[in-house]
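Q: what shape does this take:
(chains A and B)
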Amino acid sequence: MKRSVVVDVTARLILPSALVFAVHLLLVGHDRPGGGFVGGLVAGAAVALVYVAGGIDDVRQLVPLRPWTILGSGLLLSAGVATGPLLLGDAVLDGWKLAVDLGPLGSTKLTSALVFDIGVALVVIGLVFMVFEAFGDEEAPTYRGEVPGPGPDLTDAGASEDRR
Amino acid sequence: MIAALLLHLAVGLGILLGAPALRRWSTPLAMLPPLATLGFAASITPDVLDGEPWTTSLSWVPGLDLSIDLFVDGLGLLMIFVVSGIGLAIAAYSGSYFAPSATSARTAGLLVLFAGAMLGLVTAEHVVVLYVSWELTSILSWLLIGQRHTDPAARAAATQALVITGAGGLAMLGGLVVLAREAGTWSLVELLADPPGGVAAGTGLALVVLGIVTKSAQYPFHAWLPGAMVAPTPVSAYLHSATMVKAGIYLALRFAPAFAHLDAWQPAVLAIGLVTMVGGGLRAVRQDDLKLLLAMGTVSQLGFLFVLTGVGFEDATIAGVALLVAHALFKATLFLVVGIVDHQAHTRSRTELASLRLGEGWAAVRVCAVATAASMAGIPLLAGFIAKEEAYDAFLHHGGAVGTVGIVGIVAGSVLTMAYSLRFAAVFWRQAPHDATRVQAPNAAFAAPVYVLTALTVAVGLVPAAVVGELVDAAAGGLLGVDVGSKLALWHGVNSALVLSVLTLLAGALLWRFEEPFVRATARVAPPIDGQRGFQLVLDGLFALARGTTTRIQTGSLPRYIAVVLLVVVGGPALVAVSTLALPDLPDPTDAPIPLVLAVFILGAALTTAVVPRRLGAVVVLGAVGYGMAGLFVVQGAPDLALTQFAIETLTIVAFVLVLRQLPARFGPAERRAGRARRLALAGAVGAGVFVLVLAVSGEKPSSPAADLAVEQAEPEAGGRNIVNVVLVDFRGLDTLGEISVLLVAAVGVTTLARVGRRPPRTGVPPLPERDPLDPAAGSAPAAEVAR
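A: Next comes the predicted model:
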């Protein structure tokens, strides 16, 4: 496909910061605006940017995992956090908390809620990848209806035809 | 015991996984778990016979009050001996029956797993463990019956067995849960010691009985059993003598003493069991295939067992336990004999076998076949006689309507049993002339299990008290909670039961002598509908219903689906809100200039969406509506919502664009004109409805107790200051889990839909035959024959 330099460069500039922002939203979600759902969506929007710039091939190169793997492991993670305490005799979703010392960076906390939220984020990201996998490939999206339309062309190529 | 169960699991899986490499070694390996289990059972026998059940408990999921509780009382011990003893014989026999191959190893592995599930079933003390084992036996029997999976008949038979026993199993799950809730305990022993009463418990009990009768192949659910004869003979021998069908009988034994006092119990048990016993017998006397004869005979005997074990008074229960042992012994042996004949002569047809000569080397097998068939018929000196004598005696002495109906039905069934036993045995004592084709004799190892099992049948028949007396007494006594004196004996003196026995045998022999006219007569009065046809009708009806519903609901028109959804929104919540909630006064818009500007922006964008001629344009303007909404959220102090709305809006536009590539750039003239008035009306109604709804809801209570609690508890309980997030991942975390599960399902569905028809057809895989696996035309040959 044709690539646009402007879009390409913009995407490359924005992608890392968008992903960092997504992680930030995910991590602070428990105390400040954010959370797994929003984090996943922001990361998904970043993926959409990559798609606009480079098509499905670039999206596939972004992560070595297949979309359904991401989706499934997200659900598995959340379900594991939810049902894990059952095996130890506690209630569903019983929480735990770990203080993590990051040396010069200070300390942070790792809670079961965060792990649960990471699972949610993974599901959302996986969903976005799935959508691109489903509709985003280049092969033959030809329209087979009563109007022999301009097809995949998103530019104004069909305009003259429509002026009857 | 848990170790024994784990051993079954490990060895079974090991054989399955290592099937190609193991080959010859799979047989000795498969004999290991039953041997170990028998050793364990022997070690606890003295204690159990003294009336001390052996118990163990292993915590499984303590949070749900789930634990693996096992117990072995008299009945459990007896079942272990039956399951593992017959299992050992079958494992040894399989080694000779199958040529060593990956398939035979697979069968051996599945049989070991099946035996493990069965042992779990008969030792389960926790209701959930009982149910899990029960379903495991259904699933494993499905795999075993469908062992020759390239054969459509085998697949159809396996599916039928799974559908019937699986449906029964689901009913039983519901019943067990209801009973356990009513009783307030998950312990089977406690549940049965203090059975709950009332309507709910009665319904639960009926559901459990449904599970029992489907599993033990009672009329009208018997059709799966003859169909299952497509399985290799060792599998049939195990499933239909000692295990699968006995699972239902086992539960009947457990439940009968606790619930037999209910008014409907005894009539229901008698009706189901006696119809099964006589109906199966009538079918058995006209079979030509020896294996099918045994199958219908098994149905008949199961009816007998169900009557004895279900009716719930002391003597009948003892007779039932004795018959359970006798039946396991003779039916396994007879199946094994048929397997030997089939293996050596390549036929199981009575008429074809009549022209073959079972000559040198066959003598022992023939003697065993005749002796075991005699045990099935209930001829003295053999195990079957002891049990039947006990049953006659029980019903003769019980008196009343139950006693009369019972004894008449049992005698009728036993006459038929005698007739079909003779029909079976005649194949083995009659000999074709010397010049007939000779069949090669089986080798000693192949026939050894038959000899051993026959010897046991004879031993039980001669000295019942010494061989199984104590075990049967302990089993029956444990169930009834009384100390039953040893009743099993060969000779009770000349009493009415003995006279009746002799009459039964004579009548059966006469029936066999004149079987041709009898079979012709009964075939003519065969019921217009039988189990097989009934199953097919129910299945066809179900499919027709599903198809009818689907074609009516799933019209395939997207606008129509959306219209339905929107109409429900307007007609449901909005109308309710308007009619029940008070509408507040409208706020003065000039108070808040920024929201006013945003509102105008949103309204303009929404109107533009409705009139732009291009699809892409419409999507972009629709996105503008969303961004405007996000702006409103920001102004109102909800950054969370705004952030989410922005991200969603962006992704929605991208998703739209992806889909738009497959559509023409402009809305077609037809799409613009058709039904414009209707769409306008719908859109207007939705807009007005949602407006009123939002107004009414926001005018209601400013806060609710739940909201206050969430605000209060977020920090101390969940350690988070973002209340929305705390609610999502902690307070209502289970809801979120459900939501992301839905998300996953939706993603899989969308991808599948999008991919359908866009992929080139796969090459290299031959297309499946155009055939419904449950199609009657593809139905199993034996089942079709029985259906006649």
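
Q: after the helix or strand hosting B:Ala455, next one along is what?
A: Here B:Ala455, judged by DSSP states H and E, is contained in helix B:444-462. Next along the chain after helix B:444-462, taking DSSP H and E as the criterion, comes helix B:464.

Q: I'd like the mean pLDDT over that next one, please.
A: Across helix B:464, the average pLDDT comes to 80.

Q: ditto for stretch B:535-555
A: 86.

Q: what residues of it count as buried?
A: Going by neighbour count (16 or more other CB atoms under 10 Å in any protein chain shown), the buried part of stretch B:535-555 is B:Phe535, B:Gln536, B:Leu539. Bear in mind the C-beta positions are built from the backbone N, C-alpha and C, glycine included.

Q: please apply the same query to stretch A:129-138.
A: A:Phe129, A:Met130, A:Val131, A:Phe132, A:Glu133, A:Ala134, A:Phe135, A:Gly136, A:Asp137.

Q: okay, now B:Gly175: neighbour count?
A: B:Gly175 has 22 neighbours, counted by other CB atoms under 10 Å in any protein chain shown.

Q: go on, the one 5 residues further on?
A: Residues lying near B:Ala180 (other CB under 10 Å) number 20.

Q: average pLDDT across the helix or strand harbouring it?
A: Per DSSP H and E: B:Ala180 is located in helix B:152-183. Helix B:152-183 carries an average pLDDT of 90.

Q: just checking, next helix/strand downstream of that helix?
A: Criterion used, DSSP H and E; the element after helix B:152-183 is helix B:188-193.

Q: hmm, who's touching that following helix?
A: B:71, B:124-127, B:130, B:179-180, B:183, B:185, B:254-255, B:257-258 (CB atoms under 8 Å, 6 or more residues apart in numbering or on different chains).

Q: look up how far B:Thr650 lies from the most centrally placed residue in chain A.
A: For chain A, the residue sitting closest to the mean C-alpha position, by CA atoms, centre = their mean, is A:Ile125 at 2.6 Å. A:Ile125 sits 14 Å away from B:Thr650, going by CB to CB, to the nearest Å.

Q: again with B:Gly631
A: To B:Thr650, B:Gly631 is 14 Å away according to CB to CB.

Q: same thing with B:Thr454?
A: As defined by CB to CB, B:Thr454 lies at a distance of 79 Å from B:Thr650.

Q: of those two, who's got more company?
A: Under the criterion of other CB under 10 Å, the comparison of B:Thr454 against B:Thr650 puts B:Thr454 first, with 26 against 20.

Q: helix or strand with the lowest mean pLDDT in chain A?
A: The weakest-scoring helix or strand in chain A, judged by mean pLDDT, DSSP states H and E, is helix A:159-162 (a mean of 39).

Q: next up, the contacts around A:Gly74.
A: Neighbours of A:Gly74 in contact, by CB under 8 Å, 6+ apart: A:Ile118, A:Gly119, A:Val120, A:Ala121, A:Leu122, A:Val123, A:Val124, A:Ile125, A:Gly126, B:Ile740.

Q: tell me how many other residues surround the fifth one.
A: Counted with other CB under 10 Å, the neighbours of A:Leu122 add up to 26.

Q: do the last one as well
A: Applying other CB under 10 Å, we find 26 residues neighbouring B:Ile740.

Q: tell me which stretches of the chain form strands.
A: No chain specified, so I'll use chain A. Here chain A has its strands, by DSSP state E, at A:97-101, A:107-111.

Q: my question was about chain B
A: Under DSSP E, chain B gives strands at B:54-61, B:66-72, B:356-357, B:437-438.

Q: tabulate the ones you listed (JSON lines), appending mean neighbour count, distance to chain A and mean pLDDT.
A: Formatted as JSON lines, these follow (neighbours: other CB atoms under 10 Å in any protein chain shown; distance: least, CB to the nearest CB, whole Å; pLDDT from 0 to 100):
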{"stretch": "strand B:54-61", "mean neighbour count": "14", "distance to chain A": "5", "mean pLDDT": "81"}
{"stretch": "strand B:66-72", "mean neighbour count": "21", "distance to chain A": "9", "mean pLDDT": "85"}
{"stretch": "strand B:356-357", "mean neighbour count": "18", "distance to chain A": "59", "mean pLDDT": "82"}
{"stretch": "strand B:437-438", "mean neighbour count": "12", "distance to chain A": "61", "mean pLDDT": "80"}
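
Q: just to revisit the earlier point, in the contacts of helix B:188-193, find the pair that's most separated.
A: The two members of those with the most space between them (CB to CB) are B:His126 and B:Pro257, at 20.0 Å.

Q: low-confidence ranges in the stretch 451-600 of chain B?
A: Counting by pLDDT under 70, the ranges of the stretch 451-600 of chain B that qualify are B:485-486, B:525-531, B:578, B:581-583, B:587, B:589.

Q: which single residue of it ends up nearest chain A?
A: B:Leu558 (13.3 Å; CB to the nearest CB).

Q: ok, how many other residues are close to that residue?
A: Neighbourhood size, B:Leu558 [other CB under 10 Å]: 8.

Q: B:Leu253 touches B:Thr309, doesn't it?
A: Yes. Between B:Leu253 and B:Thr309 there is a contact at 4.6 Å, judged by CB atoms under 8 Å.

Q: who's more crowded, the two?
A: The residue with more neighbours, out of B:Leu253 and B:Thr309, is B:Thr309; 31 against 25, by other CB under 10 Å.

Q: and the helices in chain A?
A: Here chain A has its helices, by DSSP state H, at A:5-28, A:36-62, A:67-87, A:112-135, A:159-162.

Q: so who does B:Leu753 touch?
A: By CB under 8 Å, 6+ apart, the contact set of B:Leu753 is A:Ala134.

Q: let me see the confidence value for it.
A: Looking at B:Leu753, its pLDDT is 79.

Q: for chain A, which spans come out with low pLDDT?
A: Looking along chain A with the criterion set at pLDDT under 70, you get A:1-2, A:89-93, A:95, A:98, A:102-108, A:138-164.

Q: re the thing from before, dump the buried residues of stretch B:535-555 to a markdown table, plus distance to chain A.
A: Listed next are the buried residues of stretch B:535-555 as a markdown table, based on distance: CB to the nearest CB, whole Å:
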| residue | distance to chain A |
| --- | --- |
| B:Phe535 | 37 |
| B:Gln536 | 38 |
| B:Leu539 | 33 |
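
Q: restricted to helices, list those residues.
A: If you go by DSSP H, the buried residues of stretch B:535-555 have B:Phe535, B:Gln536, B:Leu539 in helices.

Q: TSV for the residues you listed, including distance to B:Ala193?
A: Converted to TSV, these look like this (distance: CB to CB, whole Å):
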residue	distance to B:Ala193
B:Phe535	37
B:Gln536	43
B:Leu539	40
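
Q: what's the closest of these to B:Val484?
A: B:Phe535 (40.0 Å).

Q: skipping adjacent residues, who's closest to that closest one in space?
A: Closest residue to B:Phe535 apart from its sequence neighbours, by CB to CB, 6 or more residues apart in numbering or on different chains: B:Ala223 at 5.2 Å.
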